[in-house]
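Colleague: What follows is a predicted structure for the sequence shown.
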Amino acid sequence: MINPMADKAEMFWKWFAQHNGAYLNIDDLEEDAREQLLDELLKHLHDYCDQLYFETGETPAGNPELIITAEGDTDFFDWVECLVDNAPAIGNWSFIAFAQPHGGRNVINFEDVELKPAEMWFLPLENKNQPASIGIKVCMPNYDVVKGSQWFKAAVYKVLDTVLGEKSFALDIEYVGYDKLPDDPAEKGMIELVELPAYIKWKKSKLAKP
């Protein structure tokens, strides 16, 4: 059976196999040359699927990596997975599906909003009608300062994307609320935001028990 998605993935990887060398030291290039190469990569990625994007970087071992992301749009998760699943071995490259979690220890600056995940907490929310769903209220000490920004919601989502990774945030979290961090968050049943991945894992295991 013909698989158009896989056929288009093969075309992308054929191009990347021929041109990947140009991206190995891309950060050392002048800005114009770097932008031209990145635009070329995005063009070929969009020939595969125009709703996907990419990040380049290095693995902890120092090998080059290419991360394919749908920026949280679950309608295109199959496209991400198909492309990475069909990736051939190309040099020392690592090909990764979805933006990965980064622990949430860095400061997140999104337009005019600055958030520090290490200072943020969350309150688990229960939905009696949907006991398997996961809802959270995210609280931060500077809530009154940043809540009025048009970028506030996007900044919080960027934090959650960083803490959880693209796939978990999109598939595991049903609802996100916001509030100011109280003086005694632990006494009010709140959990540090960096512990959110562990909480999700715990809740899933709890729901899986008969």
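Modeller: Yep, that arrived. Residues are numbered from 1 along each chain as shown.
Colleague: residue contacts, the closest residue to Q150 other than its chain neighbours?
Modeller: In space, and not counting its chain neighbours, Q150 is closest to E111: 8.0 Å by C-beta to C-beta, 6 or more residues apart in numbering. C-beta coordinates here come from the backbone N, C-alpha and C atoms, glycine included. Residues in contact with E111 (C-beta atoms under 8 Å, 6 or more residues apart in numbering) are 149-151, 154-155.
Colleague: Repeat that for K147.
Modeller: Y178.
Colleague: What's the per-residue pLDDT of the spatially most central residue of the chain here?
Modeller: Centroid check for the chain by C-alpha atoms, centre = their mean gives E166 as the closest residue, at 2.9 Å. With respect to pLDDT, E166 has a value of 96.
Colleague: ok, now how distant is it from L181?
Modeller: Counting by C-beta to C-beta, to the nearest Å, the gap from E166 to L181 is 26 Å.
Colleague: Check which residues of whichever strand or helix holds A155 are buried.
Modeller: According to DSSP states H and E, A155 maps onto helix 152-164. For helix 152-164, the neighbour count (16 or more other C-beta atoms under 10 Å) marks 152, 155-164 as buried.
Colleague: for stretch 66-77, same thing?
Modeller: 66-70, 72, 76-77.
Colleague: Just flag the most distant two among those residues.
Modeller: Greatest spatial distance in the buried residues of stretch 66-77: L66 and G72, 18.5 Å, computed using C-beta to C-beta.
Colleague: what about Y143, how many neighbours?
Modeller: For Y143, the count of nearby residues is 16 (other C-beta atoms under 10 Å).
Colleague: what residues are up against it?
Modeller: Y143 neighbours (C-beta under 8 Å, 6+ apart): 178-181.
Colleague: Highest neighbour count among these?
Modeller: Highest neighbour count within the contacts of Y143, by other C-beta under 10 Å: L181, with 17 neighbours.
Colleague: From F76, how far out is that residue?
Modeller: Taking C-beta to C-beta, one finds L181 at 35 Å from F76.
Colleague: Let me know the closest of the contacts of Y143 to D50.
Modeller: The closest of the contacts of Y143, once distances to D50 are taken by C-beta to C-beta, is Y178, at 32.1 Å.
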